[in-house]
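1. I would like to see how this sequence folds:
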Amino acid sequence: MAMDESRMASIAEQITREILQDIDDGIVPPDVNSFSALHDYVDANTYGGFCDEGGPNEVGVYVTHDDIDNIQERVHQWLTNDQG
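-> Numbers count the residues shown, from 1 in each chain. Predicted coordinates for the structure are as follows:
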């Protein structure tokens, strides 16, 4: 089963909170304006727990590359719109 819309939205929101925390901590500059630009400062692929044991995967839910692309695109759109 693929990830549902609400779960993707929830993960995207989690990632935006993590980015804001990294901005507050001085790790990421406040003017970062794209998902790909985050990679200049952090391994942006680790946001949202994607590299954590268990990560965003739930029992019976398979996170596809399309799901990850969709989530990262949501975050990219947020960044290009001055972070909300």
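
2. Could you pull up the mean pLDDT of the helix or strand hosting residue 12?
-> Following DSSP states H and E, the helix or strand that holds residue 12 is helix 5-24. Across helix 5-24, the average pLDDT comes to 94.

3. Now the element after that helix, going C-ward?
-> helix 35-38.

4. The helix or strand following that next one: which residues count as buried?
-> Remark: after helix 35-38, the chain's next helix or strand is helix 65-80, criterion DSSP H and E. For helix 65-80, burial by neighbour count (16 or more other Cβ atoms under 10 Å) applies to 67-68, 70-72, 74-76, 78-79. Every C-beta, even on glycine, is put in place using the N, C-alpha and C of the backbone.

5. For helix 65-80, name the packing helices and strands.
-> Judged by 3 or more Cβ pairs under 8 Å, 6 or more residues apart in numbering; DSSP states H and E, helix 65-80 is in contact with helix 5-24, helix 35-38.

6. Now flag whichever of the buried residues of helix 65-80 is closest to residue 27.
-> Among the buried residues of helix 65-80, residue 79 lies closest to residue 27 (Cβ to Cβ), at 14.9 Å.

7. how about the nearest residue to residue 47 once chain neighbours are set aside, what does it touch?
-> Leaving aside its chain neighbours, residue 47 sits nearest to residue 15 (4.3 Å; criterion: Cβ to Cβ, 6 or more residues apart in numbering). By Cβ atoms under 8 Å, 6 or more residues apart in numbering, the contact set of residue 15 is 47-48, 71, 75.

8. could those residues go into JSON lines alongside pLDDT and distance to residue 8?
-> Below are the contacts of residue 15 laid out as JSON lines (pLDDT from 0 to 100; distance: Cβ to Cβ, whole Å):
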{"residue": "47", "pLDDT": "92", "distance to residue 8": "14"}
{"residue": "48", "pLDDT": "87", "distance to residue 8": "10"}
{"residue": "71", "pLDDT": "93", "distance to residue 8": "5"}
{"residue": "75", "pLDDT": "96", "distance to residue 8": "11"}
